[in-house]
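# Test case, fold it:
(chains A, B and C)
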Amino acid sequence: MKTLFIGGVKSGKSRLAEAYILAQAGQVQPYYLATTELLDVGMRARIAEHQARRQAAFSTLEEPLDLLAAVQGCTAPVLVECVTMWLNNMLYHHYGEAEILARLAALLAWPGDLVLVHNEVGLGVIPDNALARQFVDLSGKAAQMMGAACDKVFFCSAGLALPMK
Amino acid sequence: MKTLFIGGVKSGKSRLAEAYILAQAGQVQPYYLATTELLDVGMRARIAEHQARRQAAFSTLEEPLDLLAAVQGCTAPVLVECVTMWLNNMLYHHYGEAEILARLAALLAWPGDLVLVHNEVGLGVIPDNALARQFVDLSGKAAQMMGAACDKVFFCSAGLALPMK
Amino acid sequence: MKTLFIGGVKSGKSRLAEAYILAQAGQVQPYYLATTELLDVGMRARIAEHQARRQAAFSTLEEPLDLLAAVQGCTAPVLVECVTMWLNNMLYHHYGEAEILARLAALLAWPGDLVLVHNEVGLGVIPDNALARQFVDLSGKAAQMMGAACDKVFFCSAGLALPMK
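Below you'll find the model as predicted:
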């Protein structure tokens, strides 16, 4: 079972995805796969705060790049928070689009349960900046790949989840 | 009864909200609470034009900051047009995020009927500009608060309203 | 019968619209009206590649400005790919908003079957740039006009189409 929560900044998608996977997991403790790369101390502090909040409910994994390796041993549903940040990390480390999308396909082919959180960034004005345009394209291609592979897809706005699939 | 119309620029959300509140109000004349701060003559002219169009249908109130005070005496449904502009005004007058969200919570706790119009601004590329990012975050938090408090929520695009709640 | 697919960059709207019109057309070969203005050789190469992919399925028409003239003789459903690019071309050639929207209204009044592809660009931060703001406004007005005139409207994200009408 694969599920996607896609939405804007502060749309509530992460909170909705957390509630969803906890309900789905039942008595089992799900995993929280944090994709954020800990580049500075401030970010580490913020992440620590988030971890404290989730402590009881999730087993936390941290992996900025190799998501498939991170989920390999997991025997409970995994929340991937978030795919957008992972795309960012991959571009930052000079992975090309084909390699990134191949890795995403491999993750989606993993047989375990995944709940994926992703930003929709393509509904504003097309940015002037070539790098931003490249990111919007990659993010949309990744979203389409997840939309096709997932059993359920929710579009989030105003803290609410609209079923798309 | 609280209702939210959320959508993009020129998505038709205001027109849809106006039609909705007029249908909801029935024989009663609803209020139109304009939150625009009248900073220049050009804006005043544009607002006057809008008012002329609504003249027969609504009682118009104007309040850029203290929305709760403005609705206190209202005995008919109130259309708040729009929350995005109010957030803008509050930031412009140096109110902090916690104060702004507390005031929004107080408005939503007011027992009368409200129809709220708000922009979804979080579905594009995350802006470079720190102030714009702060605004996107605040706008999304406000949207989530309204999404939770409202009985009905509509997502608007292409002049159409998709029920989310 | 008029149908609108509206969505973000790389939301899958074009692919969804192509599949939709092919299903709608049945045994008849539909038209593909490409609105892209061929300003440079690189663009021409990209378009040629797209054409090759569609070759068997569609009759291809190319028209950057006068869409109504282009569809006049068509006796099968026409896919307009895309309205956003056409708005862009019209502004580039100094047509005013009123003229552009009047031409869109005339196209929508044409009695044949149309499937229109359009970008939703109004769900991000309002751009600083006055030209970009003008484009967002025009694009949203065009979307509202199409939303009103179309029998079916789909909002696209993650490669999925959500029916709005």
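# right, is the helix or strand harbouring A:Cys156 up against chain B?
Per DSSP states H and E: A:Cys156 is located in strand A:152-157. Yes. Using CB under 8 Å from any CB of the partner chain, strand A:152-157 reaches chain B at A:Ser157. In short, each C-beta sits where N, CA and C put it, glycine included.
# Over to stretch A:133-147?
Yes. Residues of stretch A:133-147 contacting chain B under CB under 8 Å from any CB: A:Phe135, A:Val136.
# Quick one: mean pLDDT for that stretch?
In this model, stretch A:133-147 has an average pLDDT of 97.
# Which of the residues in it are classified as buried?
The neighbour-count check on stretch A:133-147 (16 or more other CB atoms under 10 Å in any protein chain shown) flags A:Phe135, A:Val136, A:Leu138, A:Ser139, A:Gly140, A:Lys141, A:Ala142, A:Ala143, A:Gln144, A:Met145, A:Met146, A:Gly147 as buried.
# Would you mind confirming that the first one is in contact with B:Gly124?
No. A:Phe135 is beyond contact range of B:Gly124, at 11.5 Å (criterion: CB atoms under 8 Å).
# what do those two both touch?
Both A:Phe135 and B:Gly124 are contacted by A:Val121, under the criterion CB atoms under 8 Å, 6 or more residues apart in numbering or on different chains.
# Now the phi/psi pair for the residue in chain A that chain B sits nearest to, please.
Going by CB to the nearest CB, chain B is nearest to A:Gly124 of chain A, at 1.9 Å. Phi and psi for A:Gly124, reported as degrees, to the nearest 10, are phi -110, psi -170.
# Who are the contact partners of it?
B:Leu123, B:Gly124, B:Val125, C:Val121, C:Gly122, C:Leu123, C:Gly124, C:Val125.
# any idea how far whichever residue of chain A sits closest to chain C is from A:Ile100?
Across chain A, the shortest distance to chain C (CB to the nearest CB) belongs to A:Gly124, at 1.9 Å. Counting by CB to CB, to the nearest Å, the gap from A:Gly124 to A:Ile100 is 22 Å.
# which residue ranges form the helices in chain A?
A:13-25, A:41-54, A:67-71, A:83-92, A:97-109, A:130-149 (DSSP state H).
# Could you tell me the least trusted of these?
helix A:41-54 (a mean of 68).
# can you tell me which residue is nearest the centre of chain A?
A:Cys82 (2.6 Å; CA atoms, centre = their mean).
# from what I can see it touches A:His118, true?
Yes. Contact criterion CB under 8 Å: A:Cys82 and A:His118 qualify, at 6.1 Å.
# Also near chain C: which of the buried residues of stretch A:133-147, exactly?
Applying CB under 8 Å from any CB to the buried residues of stretch A:133-147, those adjacent to chain C are A:Val136, A:Ser139, A:Gly140, A:Lys141, A:Ala143, A:Gln144, A:Met145, A:Met146, A:Gly147.
# Please read off the pLDDT at the residue nearest to the centre of chain A from the model.
Per-residue confidence (pLDDT) for A:Cys82: 94.
# quick one, phi/psi of it?
According to degrees, to the nearest 10, A:Cys82 has phi -130, psi 170.
# Spit out the contact partners of it.
A:Ser14, A:Thr35, A:Leu116, A:Val117, A:His118, A:Asn119.
# rerun that using 6 Å as the cut-off
By CB atoms under 6 Å, 6 or more residues apart in numbering or on different chains, A:Cys82 lies in contact with A:Val117.
# Check the one 5 residues further on too.
A:Leu87 sits next to A:Leu138 when contact means CB under 6 Å, 6+ apart.
# Check the spacing between it and A:Val121 real quick.
With CB to CB as the criterion, A:Leu87 and A:Val121 are 10 Å apart.
# which bits of chain A sit near chain B?
Taking CB under 6 Å from any CB of the partner chain as the criterion, chain A approaches chain B at residues A:8-12, A:120-121, A:123-124, A:127, A:132, A:157-160, A:162.
# Name the residue most distant from the centre of chain A?
Distance-from-mean max, chain A, by CA atoms, centre = their mean: A:Asp128 at 26.1 Å.
# tell me which parts of chain A are close to chain C?
Contacts of chain A with chain C, taken as CB under 6 Å from any CB, map to A:6, A:120, A:122-125, A:136-137, A:140-141, A:143-144, A:147-148, A:153, A:155, A:164-165.
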